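# 3D model of this:
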Amino acid sequence: MAPSRPLRRLSAALTILALTASFGGVPAHAGGAHARYDLTAGDHGSGPPVALPVAPRPTSDVKWSDVPNTHWARAAIDYVGGVEGWMRDFRQTADGTYIFKPDALESRKMFARSAIQAFAPDEPTDPDLTFPDLPDTDRFFPFANTAVKLGWMAVDADGNFQPDDPVTTRMVHRALVLALGLGADAKGLDQLHMRDGTTLDTPQDFGTLLIGMRLGLRYNHSDESLDVGPDTPLPRAEVAWSLYRAATADPWQLDAMAPYTTISLPNLKPKAAKIVQFGVRYVGYPYVYGGEWYEPTPPGYCCGSQPVGGFDCSGLTWWLVKEATGGWNNMPLRDYRGWPLPQRSSADMASSGTKVKRFEDLRAGDLMFYDGDGNGIVDHVDVYIGSGWSLDSSSSMGGVSIVKVDTGWYFDHFVHGRRLIGVTS
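You can find the predicted model right below:
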């Protein structure tokens, strides 16, 4: 069987480097000042800050001909392709350097090989498991066989492994989160339910995608046109980052996922239930400063250009709660109209609806506001879903996730809530 926790191969200092880099793509106050009534402006606040020391990069004798020292994934590539050979997939060149192909899409067969080599190198194959599209004589077959046997990767309805198809964020997070022994935590999220047993309809691999986000398996780019969504085919540099982060995760990071194992929401009233059900569809979308749309915006879009689909904190709140008005309308995607909200920043939204002063008086569907800087100005917002949890988009987690807000940074920086939904809704 695969180990329940991976062998730590780097020092704690290098793990700190990984954390710093994963949260360092978007500054805590990206984007500069915004106009008070500018619909295209994002929110200054980006959730909990991460201030960790920078450690040296991993040292390796392997030299890359196509990965400059300034490449955003250089530390990850040096580790997974240099220190470890899991992604050293291409031959050495005449001058003694190696080719990594950071921008080439990573195939399922190559990812299976690297994941098995990293986390289950001694796991035997299943002699009864075969694939119509990958013969057992193929050099990638043992890795594909083992990855499917362990449940890390899936086959299609006809049993095909689809070895040459590219992996996506969803696939990579599934494999690595399960390899880290977090299957029970992911299952708890997949079975997200209310106290009366009513379950919510969660997307495929919802739990592993969310936990992968919380572990920083996806890089949060400062150039947001490079950000990837849940089903984006991944280039090799992105896969290298994910594999590097998973292989260097510390036990406390993995243990911190335990609350998801038993996550249970209160019995939601119909309108709050619709907000939560709609919101879980967007877990795993990237943090995009000024973003309030689920895909790249077309020419002429009313509220600013987005290179990729994604949300900042107030943009996610708009997406989930704001009524369809004027040129902004996501009604084709959701089955409720929403409620009036003022302009796009969390500070503007903080005067909406009825004020809820105490945390313990919050109800699912309420907006939660935070003062991250301690200067008396609201700079972050999310949507409370009950039982101490919120739907949140922050740069520190790299996008949309479900976060625990009854403890830690969120609880300490909570200012007040705002209720838009009626008591009987």
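
# ok, for Asp103, nearest residue in space, not its chain neighbours?
Sequence neighbours aside, Pro235 is the residue nearest to Asp103 in space, at 5.1 Å (criterion: CB to CB, 6 or more residues apart in numbering). C-beta coordinates here come from the backbone N, C-alpha and C atoms, glycine included.

# what about that neighbour, how many neighbours?
When neighbours are counted by other CB atoms under 10 Å, Pro235 registers 18.

# Now it: phi and psi?
Taking degrees, to the nearest 10, you get phi -70, psi 160 for the backbone angles of Pro235.

# If it is in a bridge, with which residues?
When assigned by DSSP bridges, Pro235 has beta-bridge partners Leu105.

# Now do the contacts for it.
Applying CB atoms under 8 Å, 6 or more residues apart in numbering to Pro235 gives the contacts Pro102, Asp103, Ala104, Leu105, Glu106.

# Tell me the buried residues within these.
Buried residues within the contacts of Pro235, counting neighbours by 16 or more other CB atoms under 10 Å: Pro102, Ala104, Leu105, Glu106.

# which one of the residues you listed sits closest to Arg91?
Taking CB to CB as the measure, Ala104 is the one of the buried ones among the contacts of Pro235 closest to Arg91, at 14.6 Å.

# give the contact list for the closest one.
For Ala104, the set of contacting residues under the criterion of CB under 8 Å, 6+ apart consists of Pro235, Arg236.

# measure it to Leu367 for me?
To Leu367, Ala104 is 43 Å away according to CB to CB, to the nearest Å.

# just to revisit the earlier point, in terms of distance to Phe90, which of the contacts of Pro235 ranks first?
Ranking these by separation from Phe90, with CB to CB as the measure, puts Ala104 on top at 9.6 Å.

# For the closest one, give me the backbone phi and psi.
Dihedral angles phi and psi of Ala104 (degrees, to the nearest 10) take the values phi -80, psi 140.

# do Tyr301 as well
Recorded main-chain torsions at Tyr301 are phi -60, psi 140, according to degrees, to the nearest 10.

# Looks like it contacts Gly291 (just checking).
No - when contacts are counted by CB atoms under 8 Å, Tyr301 is not listed as touching Gly291 (11.6 Å).

# Settle it for me: which of the two has more neighbours?
Neighbour count, other CB under 10 Å: between Tyr301 and Gly291, Gly291 has more, with 29 against 14.

# Do I have it right that the more buried one meets Cys313?
No - the pair formed by Gly291 and Cys313 falls short of the contact definition of CB under 8 Å, at 10.1 Å.

# the bottom helix or strand of this protein by mean pLDDT?
Each helix and strand of the chain was given a mean pLDDT (mean pLDDT, DSSP states H and E); the minimum falls on helix 12-23 at a mean of 35.

# what's downstream of it, the next helix or strand?
Read in the C-terminal direction, the helix or strand following helix 12-23 is helix 74-77, with elements assigned using DSSP states H and E.

# quick one: contacts for Ala273?
Going by CB under 8 Å, 6+ apart, Ala273 touches Met194, Leu200.

# List the buried residues for the helix or strand it falls within?
In this structure, Ala273 is located in helix 270-280 according to DSSP H and E. When burial is assessed from 16+ other CB under 10 Å, helix 270-280 yields the following buried residues: Lys271, Ala272, Ala273, Lys274, Ile275, Val276, Gln277, Phe278, Gly279, Val280.

# thinking again about what came up before, let me have the buried ones among the contacts of Pro235 in TSV, extended by pLDDT and distance to Ala118.
Converted to TSV, those look like this (pLDDT from 0 to 100; distance: CB to CB, whole Å):
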residue	pLDDT	distance to Ala118
Pro102	98	18
Ala104	98	20
Leu105	98	20
Glu106	98	14
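
# okay if I get those as a markdown table plus distance to Gly422?
Supplementary listing: these in a markdown table, determined by distance: CB to CB, whole Å:
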| residue | distance to Gly422 |
| --- | --- |
| Pro102 | 52 |
| Ala104 | 53 |
| Leu105 | 49 |
| Glu106 | 49 |
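
# So which of those is the closest to Gly81?
Pro102 (9.9 Å).

# how close does that closest one get to Gly353?
Using CB to CB, we find Pro102 at a distance of 47 Å from Gly353.

# same check, this time on Ala256
Shown here: Ala256 relative to Gly353, a distance of 33 Å by CB to CB.

# Same check on Ala120?
Applying CB to CB to Ala120 and Gly353 gives a distance of 51 Å.

# for stretch 228-248, which positions count as buried?
For stretch 228-248, burial by neighbour count (16+ other CB under 10 Å) applies to 228-230, 232, 234-248.

# just to revisit the earlier point, state the pLDDT value of the residue nearest to Asp103.
According to the predicted model, the pLDDT of Pro235 comes to 98.

# and stretch 188-200, C-alpha only, in PDB?
The C-alpha coordinates for stretch 188-200 follow below in PDB (Å, rounded to 0.1, in the frame of the first residue of the first chain):
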ATOM      1  CA  GLY A 188     -15.900  14.300   4.000                       C
ATOM      2  CA  LEU A 189     -16.000  17.200   1.500                       C
ATOM      3  CA  ASP A 190     -17.400  15.100  -1.300                       C
ATOM      4  CA  GLN A 191     -20.300  14.200   1.100                       C
ATOM      5  CA  LEU A 192     -20.900  17.800   2.200                       C
ATOM      6  CA  HIS A 193     -24.300  17.700   3.900                       C
ATOM      7  CA  MET A 194     -26.700  19.400   6.300                       C
ATOM      8  CA  ARG A 195     -27.300  18.200   9.800                       C
ATOM      9  CA  ASP A 196     -30.600  16.500   8.700                       C
ATOM     10  CA  GLY A 197     -28.600  14.400   6.200                       C
ATOM     11  CA  THR A 198     -29.500  16.400   3.100                       C
ATOM     12  CA  THR A 199     -26.500  16.200   0.800                       C
ATOM     13  CA  LEU A 200     -25.300  18.900  -1.600                       C
END
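
# What residues sit buried inside that stretch?
Neighbour counts over stretch 188-200 (16+ other CB under 10 Å) mark Gly188, Leu189, Asp190, Gln191, Leu192, Met194, Leu200 as buried.
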